[in-house]
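A.B. asks: coords please:
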Amino acid sequence: MDKFLDDLFAKRGSVREGALSSIIEGFTANRRLQFAEKNFATLLYRFLNSLKKGSSNEIVLASRALGLLSITIGCGDNAREIYNESLPLIAQALKSKTESLLLSVIDCLAIATFVGANDSEQTEASMKIIWNFIQSSSSENVLVKKHSSSILSAAISAWSLLLTTVDGWNLNHTYWQGAISCFLNLLEVDNRSVSLAAGEAIALICEVGCLDKFTCNIKIDEINSNDKGKNTTDQDFSVQELREVISNHATELLQQTSLQSAATQAVNGWSNFSLTILKVLEDGCFEENVLKIGKHSLQLNSLSQLLQVDFIKRYLGRGFVPHMLENEFLHDVFNFTPNKQMSGDKLYISEREEVTMNIFVPEFKQRDCEDDFGCTQRPKKTAFGKAKTQLLNKQRLLKGEGLLPNYDD
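C.D. replies: Sure thing, here's the model as predicted:
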């Protein structure tokens with residue numbers, strides 16, 4: 001890895017790209033924490049240099065490396081430095097028209113903020129950058145619309161990931177007005193990934209609560225013909241009624257999309273995930289999911305957790321399992337403790353009882369058969385098994401009870 005570090009200073013872009021690729025491979029396959037901590041400043045500022053001055057391909061690699069560095073380092077001063085230093089460069093890179101570059105920097109922004117943002121204000125700053133990007137990408141005006149469906153769905157997923165980390169009460173009252181209208185429109189887009197991402201965002205907003213911060217003059221007669229003439233600014237609608245109207249409409253559109261894409265659902269696993277979203281919208285509750293990670297199980301008790309795991313798993317790819325087993329930051333995020341011993345009255349629980357015997361072989365017997373290994377067999381030493389001490393957190397509370405209660409009603 002030290003050689004690749006030196007190659008980051010090379011003048012030739014191809015050499016720097018090769019070094020970035022190798023470092024990415026190292027961070028993905030193994031959690032190289034010691035290497036990352038020891039060389040943090042060099043890695044960060046060489047990645048930022050590539051992000052600022054490199055070719056499109058170098059920017060793709062540098063932004064990927066930045067995200068992996070952030071996950072490897074975990075939350076703390078270093079992760080906050082990654083966030084602070086990369087934010088303006090990523091905002092600039094989002095003006096590009098290269099699809100692979102945009103996909104990489106969007107994910108990088110989401111991960112850097114997820115790990116390194118210090119408070120809800122910093123998180124919302126990143127969400128605002130992504131939100132402006134979404135609005136430009138989802139414009140109905142062909143002259144304004146700039147990006148493909150894959151980029152749009154990636155941006156929505158990144159925005160949703162960051163929303164999972166913010167308490168609804170701390171959200172800015174003005175930033176997200178009209179978000180519900182935007183996502184409802186995107187549910188009707190003839191693209192499976194965009195529709196699913198929009199459905200996730202709406203379901204997540206319902207889970208987070210504070211719907212009034214996401215609505216702005218939504219015409220109810222455009223959503224529900226039974227309530228014509230009213231809009232969300234009317235005092236006649238409580239927050240609970242508004243939630244029901246939005247959820248019913250989103251559910252109907254998602255069901256239509258599910259039927260239209262039934263032929264391809266079994267191939268990509270989209271059906272099971274969309275059914276989870278529909279369940280949240282219809283019943284207002286999240287059914288516990290269990291994800292197998294190696295020999296361990298991770299319990300997911302909220303839609304927020306499910307979206308977080310799905311994003312991290314997609315981002316890390318084949319490195320997901322190694323990171324989940326070794327990365328303390330991810331352990332803290334998901335309350336996941338593989339192979340960890342916890343203090344308590346019963347630290348060790350024996351798996352079996354064993355009886356030991358001391359066998360004394362007469363010395364003369366040993367001499368008589370000194371050259372004959374068949375005469376006397378020494379007893380093999382008994383193997384003592386170490387006690388397993390894994391205490392799992394068997395019950396985790398949902399974020400609230402189902403959907404958060406509304407006190408605005």
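
A.B. asks: and His147, helix, strand or coil?
C.D. replies: Of the three states, His147 takes coil according to DSSP: H, G, I helix; E, B strand; the rest coil.

A.B. asks: Leaving out the residues flanking it, which one is nearest to it?
C.D. replies: Ser137 (4.2 Å; CB to CB, 6 or more residues apart in numbering). (Each C-beta comes from the backbone N, C-alpha and C, glycine too.)

A.B. asks: Please apply the same query to Ser150.
C.D. replies: Using CB to CB, 6+ apart, the nearest residue to Ser150 is Ser193, at 6.6 Å.

A.B. asks: residues touching that neighbour, list them.
C.D. replies: Taking CB atoms under 8 Å, 6 or more residues apart in numbering as the contact definition, Ser193 lies against Ser149, Ser150, Ser153.

A.B. asks: can you count the residues close to the nearest residue to the first one once chain neighbours are set aside?
C.D. replies: For Ser149, the nearest residue in space outside its immediate sequence neighbours is Asn191; the separation is 4.2 Å by CB to CB, 6+ apart. Taking other CB atoms under 10 Å as the criterion, the count of residues near Asn191 is 17.

A.B. asks: before we move on, the earlier item: so the residue nearest to Ser150, which state does it fall into?
C.D. replies: helix.

A.B. asks: what's the spacing between it and Ser157?
C.D. replies: Ser193 sits 9 Å away from Ser157, going by CB to CB, to the nearest Å.

A.B. asks: before we move on, back to that, could you double-check that the residue nearest to His147 sits in contact with Ala155?
C.D. replies: Yes. In this structure Ser137 lies within contact range of Ala155 using CB atoms under 8 Å: 6.4 Å.

A.B. asks: ranges for the strands of the protein?
C.D. replies: 289-293, 296-300 (DSSP state E).

A.B. asks: Pipe these into a markdown table and attach distance to Phe47 per row.
C.D. replies: Converted to a markdown table, the strands of the chain look like this (distance: least, CB to CB, whole Å):
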| stretch | distance to Phe47 |
| --- | --- |
| strand 289-293 | 28 |
| strand 296-300 | 30 |
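
A.B. asks: deepest of those, which one?
C.D. replies: strand 296-300 (a mean of 17; mean count of other CB atoms under 10 Å).

A.B. asks: Can you list the helices and strands that it packs against?
C.D. replies: With contacts taken as 3 or more CB pairs under 8 Å, 6 or more residues apart in numbering; DSSP states H and E, strand 296-300 sits against strand 289-293, helix 303-316.

A.B. asks: need these in TSV with distance to Glu85 and mean pLDDT, can you?
C.D. replies: Converted to TSV, the helices and strands packed on strand 296-300 look like this (distance: least, CB to CB, whole Å; pLDDT from 0 to 100):
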stretch	distance to Glu85	mean pLDDT
strand 289-293	32	85
helix 303-316	20	93
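
A.B. asks: Out of those, which is closest to Gly209?
C.D. replies: Taking CB to CB, helix 303-316 is the member of these nearest to Gly209, at 11.7 Å.

A.B. asks: now that closest one against strand 296-300, angle please.
C.D. replies: 130 degrees (axes from the mean of the first three to the mean of the last three CA atoms, to 10 degrees).

A.B. asks: tell me what helix 303-316 is packed against?
C.D. replies: helix 56-73, helix 99-116, helix 149-163, helix 192-208, helix 270-283, strand 296-300, helix 320-326, helix 328-334.

A.B. asks: Among the ones you listed, show the one with the smallest mean pLDDT.
C.D. replies: The minimum mean pLDDT among the helices and strands packed on helix 303-316 belongs to helix 270-283 (a mean of 64).

A.B. asks: Among the helices and strands packed on strand 296-300, show me which one is buried the most.
C.D. replies: Counting by mean count of other CB under 10 Å, the most buried of the helices and strands packed on strand 296-300 turns out to be helix 303-316, with a mean of 20.

A.B. asks: Convert the C-alpha atoms of that one to CSV, please.
C.D. replies: The C-alpha coordinates for helix 303-316 follow below in CSV (Å, rounded to 0.1, in the frame of the first residue of the first chain):
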residue,chain,number,x,y,z
LEU,A,303,-37.4,1.6,7.6
SER,A,304,-34.5,4.0,8.4
GLN,A,305,-32.3,1.1,9.3
LEU,A,306,-33.3,-0.8,6.3
LEU,A,307,-32.5,2.0,3.9
GLN,A,308,-29.2,2.6,5.7
VAL,A,309,-28.1,-1.0,5.4
ASP,A,310,-29.3,-1.2,1.7
PHE,A,311,-27.3,1.9,0.8
ILE,A,312,-24.1,0.8,2.7
LYS,A,313,-24.4,-2.7,1.2
ARG,A,314,-24.7,-1.4,-2.3
TYR,A,315,-21.8,1.0,-1.8
LEU,A,316,-19.4,-1.5,-0.3
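
A.B. asks: Among the helices and strands packed on strand 296-300, which comes closest to Phe336?
C.D. replies: Smallest distance to Phe336 across the helices and strands packed on strand 296-300 (CB to CB): 7.6 Å, for strand 289-293.

A.B. asks: Please state the backbone phi and psi of Thr98?
C.D. replies: Per-residue torsions, Thr98: phi -80, psi 120 (degrees, to the nearest 10).

A.B. asks: dump the residue contacts of it.
C.D. replies: Ser56.

A.B. asks: pLDDT score assigned to it?
C.D. replies: Taking Thr98 on its own, its pLDDT is 92.

A.B. asks: Mind giving me the ChimeraX command for buried ones among the contacts of Ser193?
C.D. replies: Applying 16 or more other CB atoms under 10 Å to those, the buried members can be selected in ChimeraX as follows:
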select :149,153
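
A.B. asks: Distance to Gly294 added to the contacts of Ser193, as TSV?
C.D. replies: Compiled in TSV, those are given as follows (distance: CB to CB, whole Å):
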residue	distance to Gly294
Ser149	34
Ser150	30
Ser153	29
